[in-house]
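1. Sequence plus predicted model, see below.
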Amino acid sequence: MLWIPIDRSLERPLHKQVYDQVRERILGGELPPGWKLPSTRELADELRVSRNVVLGAYDQLLAEGYLDAERGSGTYVAEGAFLEERKMIAELRNTDSSEDIKSSGEDVIDFRSGIPDLSAFPRKAWARLAREVWEDAPADAFGYGMPEGRRELRQALSDYLLKTRGVKCRPEQIVITSGATQALTLTAKLLTRPDDMIIIEDPITRDIQLIFQQAGARLHPVPADEQGMQSDRLPAGARPAFVFLTPSHQFPLGGTLPIQRRIQLIGYARQNGTYLVEDDYDSEFRHEGQPVSSLQGLDPERVLYIGSFSKILSPALRLGYLVLPEHLIPGCRQLKWFADLHSSSMEQIILARFIEEGGLARHIAKMKKLYRIRRDALIRCLTEAFGERVRISGQSTGLHLVASFTGADFTDELLDSLKVGGVQLYPVEKHAATPGHHRHSLIMGYGHLSPETIQIGITRMREAWGALGR
């Protein structure tokens, strides 16, 4: 039977709800061509709605070509209605980084990674700058902007990145994007053609794998360890479109790529006439040792550098950036123009002033102290609860660490049972391109959780796991 949730509290008519859900399942490939739908009477009885509701939905789907009706036989999914992109979007929605932070329910403590403390956003400073910008911004800020972004922000970023990350670029080499996701999408379109190879770290966030696959690329995973990508395992003579990596804080394992591997990767890119794409997603929050310089600073002509403000400030800003080698600038500007013309001009000007006035540096310094306290609380709670059964890694930077448990196998069933016990957890294995090597490890985010909440969450985890006899 076709299960379709109906929400009678919504203003959207019931027949439209049925239509929407059947349509999305056909586009996403969940209902394959030739699949026979239940009769209108059967589905109406199952959903406890009038038959006219189902008739209305079926009639619309038939009119638009999603369904075929055969007299005396039934109603079937039509050929040619599957859209590969919809399947990938559905997969993206099912990854942990695409879920709403509240989706687990108010009584479930969610250790999702990559979430900053949203309550700590510098509202007063931002509101003050916003008022000033809206009052005195130049007239051209209210019109269509250039695809690469406002000059004010690109200049501020050029100065900031050189000082804090060792990124060597002129403002002209920066393209402002709607977050890192758009930067990754632009990169894939700029550098790849259908069936090109892209080398990725393994594991690496599932979202990124799907973005590159949507561009038509073949992914070649290279294993990562606690020092990042194992550069000695790069395929010889492969001629990839690019090598993607997170050298300052490998996601999800948390390693920092040492200089020897960085040099080996640059040599590989030069030898094979390819590029390195560096995703520097949260390296500002380094808790141990000195800040690590960017890979881009070693070879600006071979490295594309991606950053965003989603984890530093807030995902709601939808501002990121892409630093390009000189010869790739025109092509990327054109792709950005085709994508959405330009990112919000006013937000760009506000952010530029926030950086220039030192607001960003002060905010990062404040948050580093806060996140270090929360990281230490998580390490302490895990150690007290599980002792020698847990090994912690990847804790030197960012908003998450990796906890590996001796003899554990974090299956979907186990994770569901732990969620019933009041704690939402995320396995490393979910992001593995080559499955089977990380079934004992969890990605545990702490940026959005207070020390008290962390303590409760780990206690729940231990009690729920113990109740299962694990």
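-> Now that the structure is in, tell me what you want to look at. Residues are numbered from 1 along each chain as shown.

2. which one's the longest strand in the chain?
-> Secondary structure of the chain read by DSSP state E shows that its longest strand is strand 218-225.

3. So which residues of the stretch 1-150 of the chain form strands?
-> In the stretch 1-150 of the chain, the segments counted as strands under DSSP state E, counting those that start in this stretch are 36-37, 67-70, 74-77, 109-110.

4. cool, and the stretch 251-400 of the chain?
-> Under the criterion DSSP E, counting those that start in this stretch, strands of the stretch 251-400 of the chain are mapped to 275-279, 303-308, 320-323, 390-393, 400-405.

5. I'd like these laid out as JSON lines, including distance to Pro32, mean neighbour count and mean pLDDT.
-> Heads up, the C-betas are built off the backbone N, CA and C, glycines and all. Shown next, in JSON lines, are these (distance: least, C-beta to C-beta, whole Å; neighbours: other C-beta atoms under 10 Å; pLDDT from 0 to 100):
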{"stretch": "strand 275-279", "distance to Pro32": "35", "mean neighbour count": "26", "mean pLDDT": "98"}
{"stretch": "strand 303-308", "distance to Pro32": "37", "mean neighbour count": "26", "mean pLDDT": "97"}
{"stretch": "strand 320-323", "distance to Pro32": "37", "mean neighbour count": "26", "mean pLDDT": "98"}
{"stretch": "strand 390-393", "distance to Pro32": "42", "mean neighbour count": "16", "mean pLDDT": "96"}
{"stretch": "strand 400-405", "distance to Pro32": "37", "mean neighbour count": "23", "mean pLDDT": "97"}
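
6. Just put those strands in TSV and tack on distance to Glu70.
-> Output for the strands of the stretch 251-400 of the chain, formatted as TSV (distance: least, C-beta to C-beta, whole Å):
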stretch	distance to Glu70
strand 275-279	50
strand 303-308	51
strand 320-323	50
strand 390-393	58
strand 400-405	53
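
7. Glu70 and Tyr76 touch, don't they?
-> Yes: A contact is recorded between Glu70 and Tyr76 when judged using C-beta atoms under 8 Å, the distance being 6.8 Å.

8. So for the two, which residue has more residues nearby?
-> Neighbours per residue (other C-beta atoms under 10 Å) separate Glu70 from Tyr76, with Tyr76 holding more: 16 against 9.

9. Return the angle between stretch directions for the host helix or strand of Ile443 and strand 400-405.
-> When elements are defined using DSSP states H and E, Ile443 is found to belong to strand 441-445. Direction vectors for strand 441-445 and strand 400-405, defined by axes from the mean of the first three to the mean of the last three C-alpha atoms, to 10 degrees, enclose an angle of 150 degrees.

10. So which residues make contact with whichever helix or strand comes after strand 441-445?
-> Beyond strand 441-445 in the direction of the C-terminus, DSSP H and E gives the next helix or strand as helix 451-467. With contacts defined as C-beta atoms under 8 Å, 6 or more residues apart in numbering, helix 451-467 is touched by 109, 111, 373-374, 377-378, 381-382, 385-386, 417-418, 420-423, 425, 446, 449.

11. go again using 6 Å as the cut-off
-> Around helix 451-467, the neighbours that count as contacts under C-beta atoms under 6 Å, 6 or more residues apart in numbering are 109, 377-378, 381, 385, 418, 421-423.

12. Sounds good, over and out.
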